[in-house]
Every structure is written in C-alpha cells, then in structure tokens.
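Asks: when you get a sec, could you give me coordinates for this:
(chains A and B)
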Amino acid sequence: NAGVTQTPKFRILKIGQSMTLQCTQDMNHNYMYWYRQDPGMGLKLIYYSVGAGITDKGEVPNGYNVSRSTTEDFPLRLELAAPSQTSVYFCASSPGQGRFFGPGTRLTVL
Amino acid sequence: GQQLNQSPQSMFIQEGEDVSMNCTSSSIFNTWLWYKQDPGEGPVLLIALYKAGELTSNGRLTAQFGITRKDSFLNISASIPSDVGIYFCAGLFSSGSARQLTFGSGTQLTVLP
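Replies: Have a look, this model is predicted:
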C-alpha cells in the first residue's frame, strides 16, 4: 500500500490564483481530513469527510472547498489564493480514531 | 472550542537522557494520540490511548491517559539522536459522526551527542 499520497509537494501561487491540492489513499478508509500547519503551530482542521459524498467544515474552512466523489480521493481547492494561506497542508485518512498522514504540500502565496 | 496546552515547547537533552512531555486540556477526551513529525514529513502516530488511566509502551516510549481524561504524558527513555523531531499530542472527542481531533502546538526535541 502507498498509504496517503499528496501532490504537488511544493507550489508557489500568486495572489488571486487558484489551485487544487490532490490527496489519495489506498487503504479504503472512510474518514479523510485536510489540515494546515503554520510554523511553530499544531495542525488545524480545514475540512473533513466521513465517506464518499459527505464533507463538513473543520476549524478553519474559509477560503477552501473540498469534494469527495470517491472513497480514495479528497481534493482541496483554493479559489482565490491569499498570503494568509501560505502554509504546509497535510491530508490524512483514518479507519476510525487514528490518523495516517500524507507527506504534505508546502504552499507559498506571494 | 477545545484547546490543548502542550509543554514544554522545546527541549535540549543529552543523548541517553530520559525526557517527558505532557498535554493538558480544559475538556475531556475519549482518546489521546501522540505523534512525531520529522522535518519535511507528515506526523506519524506513535501511541494511541483509549481509556482513562491507560499506560501504553512502544519500545522506549511510554504514554499515559490521565485519570481525569484531561491530560496525557509521553516519556522517552534513553534518548538517541534519531529521537529528534517535533512531538504532538492530540485529543479526540467522538460524538456521533463528529470525530474532531485537536492538536497541541508541539514539543521540539533536540538530542545533543
């Protein structure tokens, strides 16, 4: 199993641009999550999904959108990038309580 | 919302020493998790605790779920250079389909040779 994979690993955006961060898991987990990690901070939950077709907001959802059309994929969409969205983004999946994290996407918005 | 206080923020220890870090919360949790994050990587689960009072070991790591369900600690014995990294506690409160995991701010561990 590849576990949780994320693409891209790095990205630089200009203010106002949009992009999609990809996340795929091959463990058949129902639960998937998107977190952001700012320097020196813990992880903040952006959105989560309890199964295909079901998504819900986390702590910091503003400026982001998600979709969950399949069990495997949980893309995160930034529509109008802002400097405040400069962060490292982690996708995670879970069969229940623990979280399995991807390697992260480092995003810089200039 | 639920908040976790993790301490210390950073630690510098000599190789071979034991180290302890802890997390406290104003709310109770049903599950406590401890993660380690290496530079440029995602967090990796070290230990999961599911019952108040539970004491669990994973090699040189030992963690406990506090009796009050509002705290947890992680001990690392006989530290080695590869223990360097950021350690995060996380508390999970499951209510129906809501499985919100709250993370502490992390403890940066440096092991000196």
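Asks: report the central residue of chain A.
Replies: A:Trp34 (3.3 Å; Cα atoms, centre = their mean).
Asks: which residue packs closest to that one, ignoring adjacent ones?
Replies: A:Ile46 (4.4 Å; Cβ to Cβ, 6 or more residues apart in numbering or on different chains). For glycine as for every other residue, the C-beta is placed from the backbone atoms N, C-alpha and C.
Asks: just the pLDDT for that neighbour.
Replies: pLDDT, A:Ile46: 94.
Asks: how much space between it and chain B?
Replies: 12 Å (Cβ to the nearest Cβ, to the nearest Å).
Asks: is that residue in a helix, a strand, or coil?
Replies: Following DSSP: H, G, I helix; E, B strand; the rest coil, the label given to A:Ile46 is strand.
Asks: show me which residues of chain B are close to chain A?
Replies: Within reach of chain A by Cβ under 8 Å from any Cβ of the partner chain, chain B has these residues: B:1, B:4, B:6, B:31, B:33, B:40-45, B:48, B:50, B:88, B:90, B:92, B:94, B:97, B:99-101, B:103-106.
Asks: quick check, A:Leu13 in contact with A:Thr108.
Replies: Yes. A:Leu13 lies in contact with A:Thr108 (Cβ atoms under 8 Å); the separation is 7.2 Å.
Asks: of the two, which one has the most company?
Replies: A:Leu13 (18 against 13; other Cβ atoms under 10 Å in any protein chain shown).
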